[in-house]
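Visitor: Model the following, please.
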Amino acid sequence: MKTYLISILLLIIMATSCQERIDIESTEKEIIAVLDKEVNAVLEMNPEAFPDAWIQDESAVFISAGSNDYQTMFGFKKIGSWFKNGTQKAKSHGFVTWKEIT
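Guide: Numbering: from 1, shown residues only. Purely as a prediction, here's the structure:
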């Protein structure tokens, strides 16, 4: 019985000691940097910089909610083309950045 308990204890210690340690502060900084990239791409109407802040596959999800409606898009192809078309349309109306619109 004693050998059994020691074996279980050693197994638990080995399993928990092998887990990767996450540097929360570093991870937080990385997340903020990606969010800043997206915000700057949007504010500058830069469709070339926009993909750097998104997972470029079908798992990407965009949700927008306003006072009267909401919008959802799934997949980066759809989200990226929506952003590119929106910036082209705004630029065709003479806007240079989104800051001018808001």
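
Visitor: only C-alpha atoms for contact and neighbour calcs from this point on.
Guide: Fine.

Visitor: same question for the longest helix anywhere in the chain, mean pLDDT?
Guide: Selection of the longest helix in the chain by residue count, based on DSSP state H, yields helix 24-43. Averaging pLDDT along helix 24-43 gives 91.

Visitor: Would you mind putting the CA coordinates of that helix into CSV?
Guide: Extracted in CSV, the C-alpha atoms of helix 24-43 (Å, rounded to 0.1, in the frame of the first residue of the first chain):
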residue,chain,number,x,y,z
ILE,A,24,1.3,36.2,-18.0
GLU,A,25,2.9,39.7,-18.2
SER,A,26,4.7,38.8,-21.5
THR,A,27,1.6,37.2,-22.9
GLU,A,28,-0.5,40.2,-22.0
LYS,A,29,1.9,42.5,-23.8
GLU,A,30,1.8,40.3,-26.9
ILE,A,31,-2.0,40.4,-27.0
ILE,A,32,-2.1,44.2,-26.6
ALA,A,33,0.5,44.5,-29.4
VAL,A,34,-1.8,42.5,-31.8
LEU,A,35,-4.9,44.5,-30.8
ASP,A,36,-2.9,47.7,-31.4
LYS,A,37,-2.0,46.4,-34.9
GLU,A,38,-5.7,45.8,-35.7
VAL,A,39,-6.8,49.2,-34.3
ASN,A,40,-4.1,51.0,-36.3
ALA,A,41,-4.9,49.1,-39.5
VAL,A,42,-8.5,50.1,-39.1
LEU,A,43,-7.9,53.7,-38.2
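
Visitor: Which stretches in the chain count as strands?
Guide: Counting by DSSP state E, the chain has strands at residues 61-65, 70-74.

Visitor: coming back round to it: by contact count, what packs against the longest helix of the chain?
Guide: In this structure, helix 24-43 makes packing contacts with helix 98-101, judged by 3 or more Cα pairs under 8 Å, 6 or more residues apart in numbering; DSSP states H and E.

Visitor: any weak-confidence spans in this protein?
Guide: For the chain, the stretches flagged by pLDDT under 70 are 1-2, 4-5, 14-19, 99-102.
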